[in-house]
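J.: Any chance you can model this:
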Amino acid sequence: MANRLGSEAEERAKSHSLIYGRHPVREAATYDPAGVVAIWVDQALRRDPKLERLFNKLKKQGVTFYRVKRRELDEMVGGANHQGVVLSYRGAAVRGEAELNDLLDSARDPLLLVLDRVQDPHNLGACLRSAAAAGAAGVVALRDHAASLSPAVHKVAAGAVQRVPFFQVTNLARALANMQQAGLVTVGAAGDGAQTLYSLELRGAIALVMGGESEGLRRLTRKNCDYVAAIPMPGSIESLNVAVAAGVVLFEAVRQRSNC
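T.: Residues are numbered from 1 along each chain as shown. Model (predicted):
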């Protein structure tokens, strides 16, 4: 392995997504090895047999490895907890409205998760992971005023970014209208929903719409939902974190769809 970062490596790090942490790196490299550009490893890191086997496999396909000092990795990821390994990744590009419309035209009874101004990258990563686990056809979010596929999202998603398509749109109301035109039922989640989540039919083509951390479902987003439902919460807490709520809503849909 090379023992310094190098100008070429620095340019690669700038032009591709960075994934860090042992589990996220292992997931990305295992699921999509063709997307791996380079890997940087702390020269003092204790050898991990599983990672070493994966690294040897990647070296055979031409991936460049760098053994560097820990402080160089700290600088690459802004001091985040990289666990001694950082990967440069060029796969899983963000998709746009045209690709979303293609999905709507071709998919049979898709399950979509729609996020209205979710801004915390940790919440986006957790939503992507839940969506991937639920077998969702995609996650749709705003291009502006919302989190995108940052290194922190990759870390929390732990491989889910490679497994579920992520779409960004400029106008969420228009995207929801297109979904309805394509035959999807749009279901928003809100604490003051007129119905409970468990009273709704979530089989077939469904878009589940979650509000952002600060304001929940915005007015125009809510207007473009066929139904607005509340998650029953008999306890003393009035609301759930958006990522937790997304998991509840997605897996209620999974439960219903598995009982068809």
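
J.: alpha carbons only for contacts and neighbour counts from here, please
T.: Will do.

J.: Where do the helices of the stretch 1-150 of the chain begin and end?
T.: Under the criterion DSSP state H, counting those that start in this stretch, the stretch 1-150 of the chain contains helices at 7-15, 22-31, 49-60, 70-76, 97-106, 121-133.

J.: Report the rounded mean pLDDT for the third one.
T.: This means helix 49-60. Averaged across helix 49-60, pLDDT comes to 85.

J.: coming back round to it: out of the helices of the stretch 1-150 of the chain, the one nearest A207 is which?
T.: helix 97-106 (10.9 Å; CA to CA).

J.: Contacts for the closest one next, please.
T.: P110, F167, Q168, V169, A175, N178, M179, A182 (CA atoms under 8 Å, 6 or more residues apart in numbering).

J.: So which of the residues you listed are in strands?
T.: Here DSSP state E is the test, and the contacts of helix 97-106 give F167, Q168, V169 as lying in strands.

J.: roughly how far apart are the second one and L217?
T.: As defined by CA to CA, to the nearest Å, Q168 lies at a distance of 17 Å from L217.

J.: circling back to that earlier point, can you select the buried ones from the contacts of helix 97-106 in PyMOL?
T.: In PyMOL syntax, the buried subset of the contacts of helix 97-106 is picked out as below (16 or more other CA atoms under 10 Å):
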select buried, resi 110+167+168+169+175+179
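
J.: With distance to V248 and pLDDT added, can I get the contacts of helix 97-106 in JSON lines?
T.: As requested, these are exported to JSON lines (distance: CA to CA, whole Å; pLDDT from 0 to 100):
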{"residue": "P110", "distance to V248": "18", "pLDDT": "97"}
{"residue": "F167", "distance to V248": "21", "pLDDT": "97"}
{"residue": "Q168", "distance to V248": "23", "pLDDT": "96"}
{"residue": "V169", "distance to V248": "24", "pLDDT": "97"}
{"residue": "A175", "distance to V248": "23", "pLDDT": "97"}
{"residue": "N178", "distance to V248": "25", "pLDDT": "97"}
{"residue": "M179", "distance to V248": "22", "pLDDT": "98"}
{"residue": "A182", "distance to V248": "25", "pLDDT": "97"}
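
J.: quick one: the residue positioned nearest the centre of the chain and S236, what's the gap?
T.: The chain has L128 as the residue nearest its centroid, 3.1 Å off, counting by CA atoms, centre = their mean. For L128, the distance to S236 (CA to CA) stands at 28 Å.

J.: what's the answer for G212, then?
T.: Distance of G212 to S236, given as CA to CA: 22 Å.

J.: Who has more neighbours out of those two?
T.: Here G212 and S236 are compared on neighbour count by other CA atoms under 10 Å; more neighbours surround G212, at 20 against 6.

J.: so where do the strands sit in the stretch 151-260 of the chain?
T.: With DSSP state E, counting those that start in this stretch, the ranges of strands along the stretch 151-260 of the chain come out as 166-169, 185-189, 195-196, 206-211, 227-230.

J.: for A173, what are its contacts?
T.: By CA under 8 Å, 6+ apart, A173 lies in contact with L220, T221, N224.

J.: could you flag which of those residues are buried?
T.: Neighbour-count burial (16+ other CA under 10 Å) applied to the contacts of A173 gives T221, N224.

J.: mind putting the contacts of A173 in a markdown table, pLDDT included?
T.: Below are the contacts of A173 laid out as a markdown table (pLDDT from 0 to 100):
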| residue | pLDDT |
| --- | --- |
| L220 | 95 |
| T221 | 97 |
| N224 | 96 |
